[in-house]
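Visitor: My questions are about this predicted structure, shown below with the sequence.
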Amino acid sequence: MDLLLDTHIWAWWLSQDSWLKVEEQDGLDRLAAGQQLCLAAISLWEAQMAYAKGRFQPVGEFEIWLRTATAPEVIRILPIDVPVTLALNGLPRTLSKDPADRLIVATARAFPRAGDARQKHSAVARGQALETMIWRSAGCGDMLSVPPEGEIL
């Protein structure tokens, strides 16, 4: 199963950020080794905007980090295309009004290989325990963390 990562998780994972637990880093590394990670194209824009506003500082130059972080052997970039745009029509009104979040969920719904059936995410707040945000296709709902080695999602 392929998983569509939220922008923050992708950036934290590839920056070795302390927001992620070691087992979460390891889980994402395992999924990447199996070429099972996807990223919505809007996440590239989100990362650039966070960098431009000084809210995200990768190790080294941003351009080099971005090219490395989007290499085909690291993650598959899913485009904003007609199916993604049409999937926006079916999103619940209760879902975040943030355009990037809505596009990530629409991408998960439009690309069935970017999840198995349900989009799931965890709420993250500074000072609270961090759960890995991973988006799965369709619906809205519960929390999902990267499983320990050997467990199946």
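Guide: Here it is on my side, so go on. Residues are numbered from 1 along each chain as shown.
Visitor: what ranges do the strands span in this structure?
Guide: Counting by DSSP state E, the chain has strands at residues 3-5, 37-40, 76-78, 134-135.
Visitor: Can you name every helix or strand that the second one contacts?
Guide: Meaning strand 37-40. In this structure, strand 37-40 makes packing contacts with strand 3-5, helix 7-14, strand 76-78, helix 99-110, judged by 3 or more C-beta pairs under 8 Å, 6 or more residues apart in numbering; DSSP states H and E. Where C-beta positions appear, they are placed from N, C-alpha and C, glycine not excepted.
Visitor: again, only this time at 10 Å
Guide: strand 3-5, helix 7-14, helix 22-33, strand 76-78, helix 99-110, strand 134-135 (3 or more C-beta pairs under 10 Å, 6 or more residues apart in numbering; DSSP states H and E).
Visitor: Now the second one - C-alpha only, CSV.
Guide: As requested, C-alpha coordinates have been extracted for helix 7-14 and formatted as CSV (Å, rounded to 0.1, in the frame of the first residue of the first chain):
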residue,chain,number,x,y,z
THR,A,7,3.6,18.2,4.2
HIS,A,8,4.8,18.6,7.8
ILE,A,9,5.6,14.9,8.2
TRP,A,10,7.5,14.8,4.9
ALA,A,11,9.6,17.8,5.9
TRP,A,12,10.2,16.6,9.4
TRP,A,13,11.1,13.1,8.3
LEU,A,14,13.7,14.3,5.7
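Visitor: surely residue 66 meets residue 51?
Guide: Yes - distance between residue 66 and residue 51: 8.5 Å, which falls inside the contact criterion (C-beta atoms under 10 Å).
Visitor: Now for these two: what residues contact both?
Guide: Common neighbours of residue 66 and residue 51, counting by C-beta atoms under 10 Å, 6 or more residues apart in numbering, are 11, 58.
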